[in-house]
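S.K.: I'd like to go over a predicted model; first the sequence, then the structure.
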Amino acid sequence: MNQLNKFFRSFSTAAWLGWKIESNWTDPFLFSVYSIIKPLAGAFILVVMYGVIAKGNFSTPIFAYLYIGNAFYRYVGDVVTGVSWAIIDDREHYRTLKYVYVAPISIPFYLMGRGIARVVTSTFSVLVIMLVGVSFLQLNFDIQKVDWPLFLVTLVIGIVMLAMLGLILAGITLMLAQHQYSIGDAVAGALYLFSGAIFPLEVLPAWLRPVGYVIPVSYWLELIRRALVGNIAQAFPTFTGLSNIQLLAIMVGLAVVFGVLAVFIFRLCDRMARERGLIDLTTNY
Amino acid sequence: MQMLPPVNKRYTGWRLFLMTVWGRAYPRVVGMQRERSWILFDILLPMLGVSAYVFVYRAIGAPEDYVGFVIVGGAMTAFWMNVMWSMASQLFWEKEQGNLALYIIAPGPMMASLLGMAIGGLFATTLRAAAIIILGSLLFNVSYAVTNLPLMILVFFVAMTALYGMGMATSSLFLLLSREAWHIANLAQEPIYLLSGFYFPIKNYPFWIAAAGSLIPLTLGLDAMRQLAFTSGPSLGFISVPLELGVLFVLAVIFLFISRLLLNYMEKLAVREGRLTESRA
């Protein structure tokens, strides 16, 4: 019980700290603008690319596919890199990681809490992107047809899974002196490409598709699309042979595998970082 | 390790200016040779995003020239990132690290330091962008139809002069903005990629939006290079290449002039208030 209490305390305090760090640099209005402009511009790059070729016909299934995939991918980039970025922030910028380490907290839960803080801003961005899509771009989305239980279960499991992926990255970041700033972006970029976030996996060359099938994010995004726009998501052949339950089972299975892997990798990296004196390493790189 | 020879003679005027330019460009040029891991991160990382956009165009059945547009646009993001993070934010980083006071105290002119940063950064980034174009073109079988290579090279260099002039101007501005600089540099990515048409021709925008986007030198530079490099380029161009070249030339002069003004203002402020170089991290 004491251990559970420690996990929860570490997680909730870190989530609150993370939120403060994310939002304290400016006033709430500017923060809201900042939280809207960047993701909306990212979404509109795809909108213009699509609009140029499709001559403005936004009511097609492929547009809904890429628009929703791109919107919910915000969670992937923000949570995965958020967890690993906590190491960089605390070690290089604030130079407090060694103090965090000596505090009576659970480090993995602390790091995941820091990453989860970004869920608030991600959710805000996703809502704005979806609202703009429905209001101005004829996005094929009907709120009354949403499968809410499937959506909520998928979303929650997905965010936990992303935090675990972030923990793997955090472990690797602990060991790095160079390019630690880039590794989160590298992983987020690779997941963006291979998970079929903005195009069906069939578009990838056949030899690259298996990469998409072993990434839990691919199943997560497919389930999100099925929950929000079921008929459209099933228009693409990638996962049509699998039911929602089967997809959910595969995603949970992969999430567990990656979760176990995350704990193992983080412990290993953590031990090596302590042995090599990397916890308070400041590179100024 | 080979060291630079000690400076025994006191230089002034243009000699000092050129030595400062070389001194500041040197670490950026030589750094690439000593730290080769950039090949992995600075080429493969942009390639991931570029590839995703290529597959989007393929998924929606776009003409193959659009794949080339994405490759060239993706390569140009390297220059934008370099200008934002290694030019505009540089003086702010130097202040955070405690080096800015040394820059101001040193006898070399600050303008020469900024020019050195720009030249060093341009050299290093050109290698990265070239690698992205070569790799992307090979991976996705992009075919080019370059009609006028000397004009294309001229457009590139004038666009880069304007772009790095803009970076020199914003470096003083970012320094004055202090803590917000990081957030502004971070914000000036996707919105700029959107406004400047990094992944599509800006001709698709209404005229005045495209014209507003043209204040960023990469917008017209990219548009002109696409017009000169692809079969469908001229039909998708915003305005004629000679006109784009003329506007870029004017932008280059204006940005370099503004950078001089802002730098003078920043140096005066540093002397008068004595607080500009203090780190508040």
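M.R.: Good, I have the coordinates.
S.K.: quick check: closest non-adjacent residue to residue B:203.
M.R.: Of all residues not flanking residue B:203 in the chain, residue B:238 sits nearest, at 5.0 Å (CB to CB, 6 or more residues apart in numbering or on different chains). Quick note: C-beta positions are derived from backbone N, CA and C, even for glycine.
S.K.: may I ask you to confirm that the one you found is in contact with residue B:209?
M.R.: No - if you go by CB atoms under 8 Å, residue B:238 and residue B:209 don't touch, sitting 10.7 Å apart.
S.K.: how about the residues of chain B near chain A?
M.R.: B:35, B:37, B:40-41, B:44-45, B:48-49, B:51-53, B:55-62, B:66, B:97, B:179-180, B:183, B:186-187, B:189-191, B:193-194, B:198-201, B:204, B:281 (CB under 8 Å from any CB of the partner chain).
S.K.: the residues you listed, buried ones only, as a PyMOL selection?
M.R.: In PyMOL, this line selects whichever of these come out buried by 16 or more other CB atoms under 10 Å in any protein chain shown:
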select buried, chain B and resi 41+44+45+48+49+51+52+53+55+56+57+58+59+60+62+66+180+183+187+189+190+191+193+194+198+199+200+201
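S.K.: what's around the closest residue in space to residue A:180 that isn't next to it in sequence, how many residues?
M.R.: Using CB to CB, 6+ apart and skipping residues adjacent in sequence, the residue nearest residue A:180 is residue A:173, 5.0 Å away. Neighbour count for residue A:173, taken as other CB atoms under 10 Å in any protein chain shown: 25.
S.K.: got the buried residues for the host helix or strand of residue A:173?
M.R.: In the assignment (DSSP states H and E), residue A:173 maps to helix A:148-175. Buried residues in helix A:148-175, counting neighbours by 16+ other CB under 10 Å, are found at A:150, A:154-155, A:157-159, A:161-175.
S.K.: next one: the helix or strand that that helix is followed by to chain centre, how far?
M.R.: Next helix or strand after helix A:148-175 toward the C-terminus (DSSP H and E): helix A:180-194. Its chain's C-alpha centre and that of helix A:180-194 lie 11 Å apart, by CA atoms, centre = their mean, to the nearest Å.
S.K.: and helix A:180-194 with helix A:148-175, angle?
M.R.: Angle, helix A:180-194 to helix A:148-175, by axes from the mean of the first three to the mean of the last three CA atoms, to 10 degrees: 140 degrees.
S.K.: so for residue B:40, what's the pLDDT?
M.R.: Residue B:40 is assigned a predicted lDDT (pLDDT) of 75.
S.K.: near the closest residue in space to it that isn't next to it in sequence, how many other residues are there?
M.R.: Nearest residue to residue B:40, sequence neighbours excluded (CB to CB, 6+ apart): residue A:179, at 7.9 Å. Using other CB under 10 Å, the number of residues around residue A:179 comes to 18.
S.K.: so residue A:179 makes contact with residue B:41?
M.R.: Yes - Residue A:179 is within contact range of residue B:41, at 5.2 Å (criterion: CB under 8 Å).
S.K.: compute the first-to-last residue distance for stretch B:80-99.
M.R.: Stretch B:80-99 has an end-to-end distance of 24 Å (CA to CA, to the nearest Å).
S.K.: residues touching it, excluding its own?
M.R.: A:284, B:28, B:100, B:103, B:114, B:117-118, B:121-122, B:124-125, B:163-164, B:166-168, B:170-175, B:177-178, B:181-182, B:185, B:188-189, B:192-193, B:198, B:218, B:266, B:276-279, B:281 (CB atoms under 8 Å, 6 or more residues apart in numbering or on different chains).
S.K.: buried sites along that stretch?
M.R.: B:80-96.
S.K.: with stretch B:12-20 instead?
M.R.: B:17, B:19, B:20.
S.K.: on the three-state scheme, residue B:61 is what?
M.R.: coil (DSSP: H, G, I helix; E, B strand; the rest coil).
S.K.: give me the distance from stretch B:197-210 to the chain's centre.
M.R.: 20 Å.
S.K.: likewise stretch B:209-225?
M.R.: Its chain's C-alpha centre and that of stretch B:209-225 lie 14 Å apart, by CA atoms, centre = their mean.
S.K.: whichever helix or strand residue A:64 is part of - contacts with which helices or strands?
M.R.: Using DSSP H and E, residue A:64 sits within helix A:61-88. In terms of contacts (3 or more CB pairs under 8 Å, 6 or more residues apart in numbering or on different chains; DSSP states H and E), helix A:61-88 is packed against helix A:2-23, helix A:28-54, helix A:107-116, helix A:118-136, helix A:148-175, helix A:180-194, helix A:216-233, helix B:45-59.
S.K.: and that helix with helix B:45-59, angle?
M.R.: 170 degrees.
S.K.: about what we covered before: of the buried residues of stretch B:12-20, just say which sits nearest to chain A.
M.R.: If you rank these by distance to chain A using CB to the nearest CB, residue B:20 comes first, at 22.8 Å.
S.K.: ok, stretch A:115-130 near chain B or not?
M.R.: No - Stretch A:115-130 stays out of contact with chain B when judged by CB under 8 Å from any CB, the minimum separation being 11.4 Å.
S.K.: dump that stretch to CSV, keeping only the CA atoms.
M.R.: Provided in CSV are the C-alpha atoms of stretch A:115-130 (Å, rounded to 0.1, in the frame of the first residue of the first chain):
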residue,chain,number,x,y,z
GLY,A,115,5.0,13.3,-19.8
ILE,A,116,1.3,13.0,-19.0
ALA,A,117,1.1,16.7,-18.2
ARG,A,118,1.3,17.3,-21.9
VAL,A,119,-2.0,15.3,-22.3
VAL,A,120,-3.9,18.4,-21.3
THR,A,121,-2.4,20.6,-24.1
SER,A,122,-2.6,17.7,-26.6
THR,A,123,-6.3,17.2,-25.8
PHE,A,124,-6.9,20.9,-26.3
SER,A,125,-5.1,20.8,-29.7
VAL,A,126,-7.0,17.7,-30.8
LEU,A,127,-10.3,19.2,-29.9
VAL,A,128,-9.5,22.4,-31.8
ILE,A,129,-8.3,20.5,-34.9
MET,A,130,-11.4,18.3,-34.9
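S.K.: what comes into contact with that stretch?
M.R.: Contacting residues not belonging to stretch A:115-130 are listed as A:11, A:14-19, A:21-23, A:32, A:35-36, A:38-40, A:43, A:67-68, A:70-72, A:74-75, A:78-80, A:82-86, A:139, A:141, A:159, A:162-163, A:166 [CB under 8 Å, 6+ apart].
S.K.: which stretches of the chain have low pLDDT?
M.R.: Picking chain A for this. A:1, A:25, A:284-285 (pLDDT under 70).
S.K.: think we crossed wires, I meant chain B
M.R.: For chain B, the ranges with pLDDT under 70 are B:1-4, B:7, B:178-179, B:275-281.
S.K.: which stretches in it count as strands?
M.R.: Shown for chain B, no strands are assigned by DSSP state E.
S.K.: so who does residue A:87 touch?
M.R.: A:97, A:111, A:170, A:173, A:174, A:180 are the contacts of residue A:87 under CB under 8 Å, 6+ apart.
S.K.: which of the residues you listed sits closest to chain B?
M.R.: Distance to chain B, by CB to the nearest CB, is smallest for residue A:180 among those, at 10.6 Å.
S.K.: spatially nearest residue to residue A:190 (excluding sequence neighbours)?
M.R.: In space, residue A:190 is closest to residue B:48, 5.6 Å off (CB to CB, 6+ apart).
S.K.: give me every residue that touches the residue of chain B found nearest chain A.
M.R.: Chain A sits closest to residue B:48 of chain B, with a gap of 3.5 Å, by CB to the nearest CB. With contacts defined as CB under 8 Å, 6+ apart, residue B:48 is in contact with A:186, A:189, A:190, A:192, A:193.
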